[in-house]
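*Asks:* A predicted structure for the sequence below; I have some questions about it.
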Amino acid sequence: APDTPVERLSAGERQLVEIAKALGAAARVLILDEPTTSLSAPECERLFALARQLRARGLAILYISHALGDVLRLCDDLVVLRDGEVVGSGPVGDFTQDRLVSLMVGRQLNQLFPERRTPPRPEAGGPAGAAARPAALEVKALTQPGVVRDISFTLAAGEVLGVAGLMGAGRSELARILFGLDPHRSGEILLDGQPLRGGPRRRIQRGLAFLTEDRREDGLCLEASIADNLALVTLARHCRTPARWIDRGSLRMAIGRMREAVRLSGAAADAQPARTLSGGNQQKVVLGKWLLAEPRVLILDEPTRGIDVGAKFEIYQLIHRMADNGAGVLVISSEIEELMGLCDRILVMRRGAISGEFPRERFDRERILAAALHTGEPAPASAERT
């Protein structure tokens, strides 16, 4: 409703409000900074169609994005920046996606996603040749009226499981319920075979971690230092005396190890406020905060939103490393290509329910999107609930 406070809207809905506000300003020049990061594929197409109409009417548009396919499809001319300097410019016809990647990261990047070793499967089934592992997270008939209904799935230890769907499908709401931020009326959540109850504090102690979709709003203390942000979840582990004094030497060593593990910019000092970092480095700090806790299950909601392709590749490597070390990873993303390149299996949600399931050997963009839209396209025969 028009009188709904913006603070109650999801990140994607806030993005749509911002776009509508900009388009209603009757401007001659329109600057769009990462306008599609929270939008579904159909919503992106509507935005692109509108941008073309505005361009035809004489409006100049400056379109800033890390979505390389979008800029190649939409724009007339390109300017590529790296470390605050122009490293390439010219008509869009002079560029390919590979050339853009090389210019942006300063080196040749032969692939957008790291290689994935043979994925694990839950003990009850999975693709042939995949190593069976026990379930890390089990969700059984999870229901909260108006939010999610009859959600059931299993996440194996060492598996990267994607969740696709349009805005409003209930993906982020599901993640919040799993982490104990929101209630559920019925159903069961099991972590390592034991019921998961209580709020976020208890679930963190059990080995659950949750990277939210809005790092600046929910993931970081922007005015606090990099070191303080990295230590937020695990600070109690470095209290060594009955008086709970912090062992600063132990804490510094842990922070140093994590900085190296997530490849945080060497130019960023530990005492530097988190707000001064780039989007990619901010996301690495949020991820590093949770990795220090060595979680059994890691829930990632839009983990690469608004960051450059080089930082994306490094975050993908970290996700695979977590899975290789035995953690179950649940990845929510609005980018189907990202899920297909990163995950071992993809669940599709629509209107709060699971509408499809796709193992890696059956990944197909059109069929995944059809399951999200519920167009009547049949899901693969092997896509059964785990």
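*Replies:* Ah, there it is. From a predicted model like this one, the values you see are computed outputs, not experimental measurements.
*Asks:* show me where the stretch 51-200 of the chain has helices.
*Replies:* For the stretch 51-200 of the chain, the helices defined by DSSP state H, counting those that start in this stretch cover 68-74, 97-105, 171-178, 200-206.
*Asks:* contacting residues around the longest one?
*Replies:* This means helix 97-105. Applying CB atoms under 8 Å, 6 or more residues apart in numbering, the contact partners of helix 97-105 are 68-69, 71-72, 78, 80, 82, 87-88, 108-109, 112, 308-310, 313. Glycine gets a C-beta too; all of them are placed from N, C-alpha and C.
*Asks:* cutoff 6 Å now
*Replies:* Under the criterion CB atoms under 6 Å, 6 or more residues apart in numbering, residues 68, 80, 82, 87, 88, 108, 109, 308, 309, 310 lie in contact with helix 97-105.
*Asks:* so what's the residue count around the closest residue in space to the second one that isn't next to it in sequence?
*Replies:* It stands for residue 80. Spatially, and ignoring its direct neighbours in sequence, residue 80 is nearest to residue 88 (4.0 Å; CB to CB, 6 or more residues apart in numbering). Neighbour count for residue 88, taken as other CB atoms under 10 Å: 16.
*Asks:* how much space between residue 88 and residue 142?
*Replies:* 48 Å (CB to CB, to the nearest Å).
*Asks:* now do the strands in the stretch 101-250 of the chain.
*Replies:* Remark: strands assigned in the stretch 101-250 of the chain by DSSP state E, counting those that start in this stretch are 121-122, 132-133, 135-144, 148-156, 160-164, 186-191, 194-195, 208-211.
*Asks:* make TSV out of these and add distance to residue 217, mean neighbour count and mean pLDDT.
*Replies:* Listed next are these as TSV, based on distance: least, CB to CB, whole Å; neighbours: other CB atoms under 10 Å; pLDDT from 0 to 100:
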stretch	distance to residue 217	mean neighbour count	mean pLDDT
strand 121-122	34	22	56
strand 132-133	35	15	73
strand 135-144	22	20	96
strand 148-156	22	21	95
strand 160-164	21	27	96
strand 186-191	25	17	96
strand 194-195	30	10	95
strand 208-211	13	24	95
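*Asks:* nearest to residue 259, out of the ones you listed?
*Replies:* Comparing these against residue 259 with CB to CB, the closest turns out to be strand 208-211 (17.4 Å).
*Asks:* name the helices or strands packed onto that closest one?
*Replies:* Helices and strands touching strand 208-211, by 3 or more CB pairs under 6 Å, 6 or more residues apart in numbering; DSSP states H and E, are strand 297-301.
*Asks:* run the last query once more with 10 Å
*Replies:* helix 171-178, helix 200-206, helix 279-291, strand 297-301, strand 328-332 (3 or more CB pairs under 10 Å, 6 or more residues apart in numbering; DSSP states H and E).
*Asks:* what would these look like in JSON lines with distance to residue 357?
*Replies:* JSON lines is the format used below for those (distance: least, CB to CB, whole Å):
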{"stretch": "helix 171-178", "distance to residue 357": "14"}
{"stretch": "helix 200-206", "distance to residue 357": "25"}
{"stretch": "helix 279-291", "distance to residue 357": "26"}
{"stretch": "strand 297-301", "distance to residue 357": "18"}
{"stretch": "strand 328-332", "distance to residue 357": "14"}
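*Asks:* tabulate the ones you listed in a markdown table, adding columns for distance to residue 356 and mean pLDDT.
*Replies:* A markdown table is the format used below for the helices and strands packed on strand 208-211 (distance: least, CB to CB, whole Å; pLDDT from 0 to 100):
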| stretch | distance to residue 356 | mean pLDDT |
| --- | --- | --- |
| helix 171-178 | 13 | 95 |
| helix 200-206 | 28 | 94 |
| helix 279-291 | 28 | 89 |
| strand 297-301 | 20 | 96 |
| strand 328-332 | 15 | 97 |
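*Asks:* of the ones you listed, which is nearest residue 93?
*Replies:* Residue 93 lies closest, by CB to CB, to one member of the helices and strands packed on strand 208-211: helix 279-291, at 28.5 Å.
*Asks:* what packs against that closest one?
*Replies:* Under the contact definition 3+ CB pairs under 10 Å, 6+ apart, helix 279-291 sits against strand 208-211, helix 226-231, helix 248-262, strand 297-301, helix 309-324.
*Asks:* could you say which of the ones you listed is packed most deeply?
*Replies:* strand 297-301 (a mean of 26; mean count of other CB atoms under 10 Å).
*Asks:* adjacent strands (with direction) for that one?
*Replies:* Sheet pairing here is set by DSSP bridges, and for strand 297-301 it gives strand 208-211 (parallel), strand 328-332 (parallel).
*Asks:* who wins for proximity to residue 358 among those?
*Replies:* Short answer: strand 328-332, nearest of the strands paired with strand 297-301 by CB to CB, at 13.7 Å.
*Asks:* what comes up buried for the helix or strand that the closest one is followed by?
*Replies:* Remark: after strand 328-332, the chain's next helix or strand is helix 336-342, criterion DSSP states H and E. Using 16 or more other CB atoms under 10 Å as the test for burial, helix 336-342 gives 336, 338, 339, 340, 341, 342.
*Asks:* need the contact list for the nearest residue to the fifth one once chain neighbours are set aside.
*Replies:* To tie it back to what came earlier, the one meant is residue 341. Sequence neighbours aside, residue 113 is the residue nearest to residue 341 in space, at 3.5 Å (criterion: CB to CB, 6+ apart). Residue 113 sits next to 312, 313, 316, 317, 320, 337, 338, 340, 341, 342, 343 when contact means CB atoms under 10 Å, 6 or more residues apart in numbering.
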